[in-house]
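Trainee: Okay, here's the prediction I keep looking at, along with the sequence it came from:
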Amino acid sequence: MSKEFFEAVKMLETEKGIPADYLYEKISAAIIVAAKHDFGGKDIVHCDIDPEKQKIKVYVTKNVVEEIEDEDTDLTLEQAQMIRKSAKVGKTIDIPLKTKNFGRIVAQTAKHVIRQGIREAERGQMLKEFQSKNQELLTAKVSRIDPVTGNVSLEIGKNEAMLPKAEQVPGEVFREGEMTKIFVVDVKEGGKGPKIMISRTHPGLVRRLFETEVPEIFDGTIEIKSVSREAGSRTKIAVASKDEDIDPVGSCIGPRGQRVSNIVDALGGEKIDIVKYSDDPQEFVAAALAPSDVVDVEILDEGAKSCRATVPDDQLSLAIGNKGQNVRLAAKLTGWKIDIKPESGFYEG
């Protein structure tokens, strides 16, 4: 048994990446649980697994007594000395058990606990792997699309995760076998294994795409201050440079617009406004309302963070945006409530 057993554990470690020590611990516990049935469930059974010598030693520790009170735990001196001549009353004696004598039920119990241990180890490994990817950008392969719910099953390495319809960019179409970028929002431990929450609508996806495309962001020269996004339609991103000689907006756009173009492609054509961050709220709000020009920004209430932006009359609809999107995203980006006013003071009816 021993040789095949140790070879099997080695194979599990190689194929499933489960540490052998973890498996030995679980298998040892399984053997103890199984063997304890023969001793009224009392905690007197021990199991030592020695992978180097490829030996499994199972034994029961009993008390050497003058008069037996519990047959499961006690031995008379006479009985003990038949096993070990040096046995003395008041001491304990270890009695080796032969694992092959445990019987079919014991073997089945052990197998069940071993399987359970392996499943737990796999879940633990999966949780560890996913947790290392939390808040990260991953490339996943589309394995299945549910025609009823629209949910998409994705392969991430050796594991699988579900991209719910609600976390997909409106209007995007997936095809089995294609690769897609996703953002890991959170990883939690669930009853049936780790639960990984992934998204293509989360602002974190845009943040990570910029880190991938713009070396100055990755190395910390340029900092992303905030992101506001309406997935599939428009994103605004505020950037600042720690080096005065480096233009943060120009660096994000890239030579001939290549960097931002790659991000737009990865997002399926989503429009992206890159604006320069400023500690001055008036400057920041004016920049955030791009592509509209802004004549002036007036702070109405600093405590409530509300302001009024004045724009040229012919830029009013551009500043507000389709269904108020531009001003809404600018407000999210800056953290200020923004009221838009035309330069003439008259609103078109």
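Mentor: Perfect, thanks for sending it. Numbers count the residues shown, from 1 in each chain.
Trainee: now do the same end-to-end measure for stretch 272-288.
Mentor: By CA to CA, to the nearest Å, the extent of stretch 272-288 from end to end equals 12 Å.
Trainee: Show me what that stretch is in contact with.
Mentor: Applying CB atoms under 8 Å, 6 or more residues apart in numbering, the contact partners of stretch 272-288 are 206, 223, 225-226, 234-240, 248-249, 252-253, 260, 263-264, 290-291, 294, 297-299, 305, 307, 309, 329-330, 333-334, 336, 338. Heads up, the C-betas are built off the backbone N, CA and C, glycines and all.
Trainee: repeat that for 7 Å
Mentor: 225, 235-240, 248-249, 252-253, 260, 263-264, 290-291, 294, 297, 299, 307, 309, 330, 333-334, 336, 338 (CB atoms under 7 Å, 6 or more residues apart in numbering).
Trainee: Kindly report the same for stretch 146-156.
Mentor: By CB under 7 Å, 6+ apart, the residues outside stretch 146-156 that reach it are 138, 140-145, 160-165, 168, 174, 182.
Trainee: Just the endpoints, please. Distance across that stretch?
Mentor: Start-to-end, stretch 146-156 (CA to CA) is 18 Å.
Trainee: where exactly do the strands run in the stretch 101-250 of the chain?
Mentor: 137-145, 152-156, 159-163, 179-190, 193-199, 222-230, 234-241 (DSSP state E, counting those that start in this stretch).
Trainee: So which bits of the third one are buried?
Mentor: Translated: strand 159-163. Neighbour counts over strand 159-163 (16 or more other CB atoms under 10 Å) mark 159, 161-163 as buried.
Trainee: The fourth one too?
Mentor: Of the residues in strand 179-190, those buried under the neighbour-count criterion (16+ other CB under 10 Å) are 180-185, 187.
Trainee: for the contacts of stretch 146-156, which one is nearest residue 19?
Mentor: Distance to residue 19, by CB to CB, is smallest for residue 160 among the contacts of stretch 146-156, at 23.1 Å.
Trainee: so who does that closest one touch?
Mentor: Applying CB under 7 Å, 6+ apart, we find residue 160 in contact with 143, 153-154.
Trainee: ok, back up a step: filter the contacts of stretch 272-288 down to the buried ones.
Mentor: If we count by 16+ other CB under 10 Å, the contacts of stretch 272-288 have these buried: 225, 235-239, 248-249, 252-253, 260, 263-264, 290, 294, 297, 307, 309, 330, 333-334, 336, 338.
Trainee: Among the contacts of stretch 272-288, which lie within helices?
Mentor: The members of those that map onto helices under DSSP state H are 248-249, 252-253, 260, 263-264, 330, 333-334.
Trainee: List the residues that contact residue 337.
Mentor: Residue 337 sits next to 305-306, 331 when contact means CB under 7 Å, 6+ apart.
Trainee: mind redoing it with 8 Å?
Mentor: Going by CB under 8 Å, 6+ apart, residue 337 touches 304-307, 331.
Trainee: go on, residue 138?
Mentor: Counting by CB under 8 Å, 6+ apart, residue 138 touches 156, 181-184, 198.
Trainee: My read is that residue 94 contacts residue 58, right?
Mentor: No. With contacts counted by CB atoms under 8 Å, residue 94 stays clear of residue 58, the gap being 10.3 Å.
Trainee: what about these two, which has more around it?
Mentor: residue 58 (21 against 14; other CB atoms under 10 Å).
Trainee: which stretches of the stretch 51-200 of the chain form helices?
Mentor: Secondary structure of the stretch 51-200 of the chain (DSSP state H, counting those that start in this stretch): helices located at 77-83, 104-131.
Trainee: Find residues that contact each of residue 94 and residue 58.
Mentor: Taking CB under 8 Å, 6+ apart as the contact criterion, the common neighbours of residue 94 and residue 58 are residue 46.
Trainee: how deep is the nearest residue to residue 298 once chain neighbours are set aside tucked in, by neighbour count?
Mentor: Leaving aside its sequence neighbours, residue 298 sits nearest to residue 308 (CB to CB, 6 or more residues apart in numbering; 4.8 Å). Residue 308: 15 surrounding residues under other CB under 10 Å.
Trainee: which regions of the stretch 1-150 of the chain sit below the pLDDT cut-off?
Mentor: Within the stretch 1-150 of the chain, the stretches with pLDDT under 70 are 1-2, 99-107, 109-110, 113.
Trainee: Hmm, residue 307 and residue 300 touching each other?
Mentor: Yes. The pair residue 300 / residue 307 is scored as a contact, 5.7 Å apart, by CB under 8 Å.
Trainee: Now the common contact residues for the two.
Mentor: With CB under 8 Å, 6+ apart, residue 300 and residue 307 have common neighbours residue 339.
Trainee: quick one: stretch 265-273 to chain centroid distance?
Mentor: Between the centre of stretch 265-273 and the centre of its chain there are 25 Å (CA atoms, centre = their mean, to the nearest Å).
Trainee: For residue 127, see how far away the residue of the chain most remote from its centre is.
Mentor: Farthest-out residue of the chain from its mean C-alpha position, per CA atoms, centre = their mean: residue 78, at 61.1 Å. Residue 78 sits 54 Å away from residue 127, going by CB to CB, to the nearest Å.
Trainee: cool, and residue 42?
Mentor: For residue 42 relative to residue 127 (CB to CB), the value is 35 Å.
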